[in-house]
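>>> Sharing a model that was predicted from the sequence below.
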Amino acid sequence: MAEAATHATVGRRAGMESDIENMLGRLLRPLVAYLMRRGWGYIAFRDLLKRVYIDEAVRNHEGDASPTDSQISAITGINRREVKRLREAAAAAATPPPRDPMAGVNAAARVIGTWVSAAAFRDATGAPRPLTVRGESDDPGFDALLRAAKVDVRGRTIIEELERAGAIERLADERIRLLRAAFTPGEPRDKLLFLAANVGDHMRSAFHNLAGEEPVFIERALFHNGIGATRLAAARPVLSDMADRLLRQCNEHLLAGNLSSTEAEGAGDGEGKLRRLRLGVYYYETDADDRP
């Protein structure tokens, strides 16, 4: 009986390893395809992967003392001498933490989200109103929008960021008009930052649920495998509008209850330590025979 139980356990482990390998293959295929298009070969990816393994081993180490090279080697499977070399190289190259590269685009996105969601900045039809820079009498201006969005950045800096992304235009009367209801980065670097933040958090959410941790995060998707291309072309803008309205309503709920706070710094709101959330909607389509 004990031998049969052992074989069953070994079989389950082998099945899990196969499932993990299959999952990794599906996750890595689009990434590797992109890296090859950009000229990033296996060696560069391998070297980065080693550093990530070591960083995660150090970050997740339990205990007050830093883990030894031997401990990291045992956890990661990377040769101890290689661990030592990479840790020494990282220590030699250590610099003060850089400014958050997402700070500017995050602030710009937050400003647009408040502009389209907060009642004070919308007209009678619900559309975002053109704003003066500083506001006049009872007419809230762009500075008031920054305060409502809890963005502690100079107005001129945010305006320049929004102009660079093509999200606003200056009117003849010096007011600023919003052109898009969402912040879409225009520069390739900004797009990569958004990709890392959005996909990174999506994966963290999925692995959080896979580990059986609480609370369970939203992890759902709608999919259809056989839709005519003509019909899908007609449905696509409708789906995009529905997704936009969903995110806007979620943001309105957070703003209306003053549930959202400053980005990552400052005192809490009396409800415990600050936390962050990311709620996303994504869309993808391809030929019906192109399965993931």
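Happy to help now that I have it.

>>> all contacts plus neighbour counts: C-alpha atoms, from now on.
Fine.

>>> Please report how far Asn225 lies from Gly126.
Using C-alpha to C-alpha, to the nearest Å, one gets 36 Å for the distance from Asn225 to Gly126.

>>> same thing with Val116?
From Val116 to Gly126 the distance is 8 Å (C-alpha to C-alpha).

>>> Please tell me I have it right and Asp152 contacts Leu145.
No: with contacts counted by C-alpha atoms under 8 Å, Asp152 stays clear of Leu145, the gap being 11.1 Å.

>>> Looking at these two, which one has more neighbours?
Leu145 (23 against 11; other C-alpha atoms under 10 Å).

>>> where's that one relative to Cys250, distance?
18 Å.

>>> now Gly226, nearest residue through space, not along the chain?
Ala288 (6.2 Å; C-alpha to C-alpha, 6 or more residues apart in numbering).

>>> My read is that the one you found contacts His224, right?
No: at 9.1 Å, Ala288 does not count as touching His224 under the criterion of C-alpha under 8 Å.

>>> just for the stretch 51-200 of the chain, where's the confidence low?
96-103, 135-138 (pLDDT under 70).

>>> sorry, back to before: phi, psi of the residue nearest to Gly226?
Here is the backbone geometry of Ala288 (degrees, to the nearest 10): phi -60, psi -30.

>>> Then Gly41?
phi -90, psi 180.

>>> where's the closest residue to it other than its chain neighbours, which helix or strand?
Excluding the flanking residues, the one nearest Gly41 by C-alpha to C-alpha, 6+ apart is Leu35, at 7.1 Å. In the assignment (DSSP states H and E), Leu35 maps to helix 2-37.

>>> Nearest spatial neighbour of Arg175, chain-adjacent residues omitted?
Arg175 sits nearest to Thr132 (C-alpha to C-alpha, 6+ apart), 4.4 Å away.

>>> Now do the helix or strand harbouring Tyr53: everything it contacts.
Using DSSP H and E, Tyr53 sits within helix 42-59. Residues outside helix 42-59 that contact it (C-alpha atoms under 8 Å, 6 or more residues apart in numbering): 66-67, 72, 75-76, 78, 83, 86.

>>> from those, which is closest to Met203?
Thr76 (20.4 Å; C-alpha to C-alpha).

>>> ok, and the closest non-adjacent residue to that closest one?
Tyr53 (6.3 Å).

>>> Check the gap between that neighbour and Leu192 for me.
Where Leu192 is concerned, Tyr53 sits at a distance of 22 Å (C-alpha to C-alpha).

>>> who's more crowded, those two?
Tyr53 (18 against 12).

>>> hang on, the earlier thing: where does the residue nearest to Gly226 land on pLDDT?
As summarised for this prediction, Ala288 has a pLDDT of 89.

>>> Do a quick rundown of the helices in the stretch 151-292 of the chain.
155-164, 188-210, 229-256 (DSSP state H, counting those that start in this stretch).

>>> Just name the most buried of those.
helix 155-164 (a mean of 17; mean count of other C-alpha atoms under 10 Å).

>>> can you list contacts of it?
104-105, 107-108, 133, 142-143, 146, 168-169, 186.

>>> Mark which of these are part of strands, please.
Counting by DSSP state E, these place 168-169 in strands.

>>> nearest to Arg275, of the contacts of helix 155-164?
The closest of the contacts of helix 155-164, once distances to Arg275 are taken by C-alpha to C-alpha, is Ala107, at 16.9 Å.

>>> Check the spacing between the closest one and Ala120 real quick.
19 Å.

>>> Those two - which one has more neighbours?
Legend: neighbour count by other C-alpha under 10 Å for Ala107 and Ala120, higher for Ala107 (22 against 16).

>>> Grab the nearest non-local neighbour of the more buried one.
Here the residue nearest Ala107, using C-alpha to C-alpha, 6+ apart, is Val151, at 6.2 Å.

>>> ok, the one you found touching Val105?
No: between Val151 and Val105 there is no contact under C-alpha under 8 Å: 11.5 Å.

>>> sorry, back to before: between Val116 and Gly126, tell me which one has more neighbours.
Ranked by neighbour count (other C-alpha under 10 Å), Val116 and Gly126 place Val116 first, with 23 against 12.

>>> who's in contact with that one?
Neighbours of Val116 in contact, by C-alpha under 8 Å, 6+ apart: 122, 127-128, 181, 248.

>>> Please repeat the previous calculation with a cut-off of 10 Å.
Neighbour list for Val116: 122, 126-129, 178, 180-182, 248-249, 251-252 [criterion: C-alpha atoms under 10 Å, 6 or more residues apart in numbering].
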